[in-house]
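Asker: how would this look folded up:
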Amino acid sequence: MRQRFPAGRVVCATAPVVAAALAHVGPAATWLPGLRRRRFPGLAGQGSPSHVALTFDDGPDPGSTPLFLDALDVLGVRATFFVLGENVVRHPEVARELVRRGHELAVHGWTHDRPWWPSPARDARELLRTARVVGEVAGRAPHWYRPPYGILTSGRWAAARRAGLRPVLWTAWGKDWRHDATPASVRATVAADLRGGGTILLHDTDHASAPGSWRATLGALPDLVRDCREAGLTVGPLGEHGTGRGGTDEADGDSVPAGAGRSGRTERPAPFRSPAPG
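Answerer: This next block holds a predicted model:
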C-alpha cells in the first residue's frame, strides 16, 4: 500500500533546506547592476568622481598578460589584476612581472568556479590560500576580492572578511569574454555604463572565456583609455580610486558611500561620453 505523507510534513521537512539555500545565495543578488550601484556603491567599485579604476580578471597568463603589460606601459596606465591562485602558482614569473611594472594584485579566488552549493569551510580555506600566495608574490597583503562571475555568496562574504579582503565588483564591463567580441564592441559596451568614479571589468586572458577573446580587449584598450582622458578622467588601479581599504563595506552599515563628502552626500559622477559606436 502506498503511504501518504501530509503536505504539512513535507513542507516542514524541506523548509530548512530552502532557508539554507536562500541564505547562501541571497547576497548574490548584488550581482544585479542597478541594486549594486544604488545600495552598495563601494561594492560596485564607485570611487572618486574624477577617476576610473581599470581592472582585469582571470590571469596571470604567459601568453596574453605580458601583451597587456606592454600596452599599459605605452599608455602610461597602471591597473588592478584580480588573479586566480592556481594561475599564480603555475606562472609565478608573470605574477611577479605584474608587480614589477607597478600594477596592483588582487584576489579572484583559487579557481574560477560557480559556488552554487554551500561550502563555507572550503571558501575560507581557498581564499586564505590565495591571499597568502598573492601576498608572497606582491610583497604585501592584498586588499581586494572579486569572486568569479561576481557571485558573492554568504560563505564568500564571510571568507573575505576572515582573509581581510574587501569585496569589489564593477560598474561597467566590456563583455569581452564572448566569442564574437571585437575591439569596437568592447569599447561601446564599456562606454554604455561608464561614468566618473566607475570601475571597469575586463579580462587579460581567455582562461574562462572564449578562446582568443582577449585580443578584442587588447585592441580596445587604447581607445578606452583615450575616451576616459578626453572626458577629464584619470585611469588607474583600485588603490588610487578612493573607495577605501580594509575588510569593510557599505553592507556593514558603518561606512559612508564612496565619493561622499563630510556632509554624507555623494558627489555626482562626472559625465562620460564616448565616440564609440553602439
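
Asker: sec struct for the residue lying closest to Pro183 once chain neighbours are set aside, please.
Answerer: Nearest residue to Pro183 in three dimensions, chain neighbours excluded: Gly219, at 3.3 Å (CB to CB, 6 or more residues apart in numbering). The way it works is simple: take the backbone N, C-alpha and C, and place the C-beta from them, glycine included. In the three-state summary, Gly219 is assigned as helix, counting by DSSP: H, G, I helix; E, B strand; the rest coil.

Asker: can you check Ala131 too?
Answerer: Using three-state DSSP, the three-state assignment for Ala131 comes out as helix.

Asker: any idea how far it lies from His203?
Answerer: Counting by CB to CB, to the nearest Å, the gap from Ala131 to His203 is 21 Å.

Asker: same question, Leu221
Answerer: Noted for Leu221: a distance of 12 Å to His203, by CB to CB.

Asker: Same question for Leu67.
Answerer: When distance is defined by CB to CB, Leu67 is 13 Å away from His203.

Asker: Just to check, the residue nearest to Pro183 is in contact with Ala181?
Answerer: No - contact status for Gly219 versus Ala181: not in contact, 9.6 Å apart, counting by CB atoms under 8 Å.

Asker: With neighbour numbers in mind, choose between those two.
Answerer: Applying other CB atoms under 10 Å to Gly219 and Ala181 shows that Ala181 carries more neighbours, namely 24 against 17.

Asker: Who's the closest spatial neighbour of that one, skipping the chain neighbours?
Answerer: Ala216 (4.0 Å).

Asker: Outside of the host helix or strand of the one you found itself, which residues are in contact with it?
Answerer: Here Ala216, judged by DSSP states H and E, is contained in helix 214-230. With CB atoms under 8 Å, 6 or more residues apart in numbering as the contact definition, helix 214-230 has outside contacts at 52, 54, 61, 64, 67-68, 71-72, 74-75, 77, 174, 176, 181-187, 190-191, 194, 200, 202-206, 234-235, 272, 274-276.

Asker: So which of those residues sit within strands?
Answerer: Restricting the contacts of helix 214-230 to those inside strands, with DSSP state E as the criterion, leaves Val52, Leu54, Ile200, Leu202, His203, Thr234, Val235.

Asker: Now tabulate those residues in a markdown table and tack on pLDDT.
Answerer: Listed next are the ones in strands among the contacts of helix 214-230 as a markdown table, based on pLDDT from 0 to 100:
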| residue | pLDDT |
| --- | --- |
| Val52 | 98 |
| Leu54 | 98 |
| Ile200 | 98 |
| Leu202 | 98 |
| His203 | 98 |
| Thr234 | 98 |
| Val235 | 98 |
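
Asker: Appreciated, that's everything.
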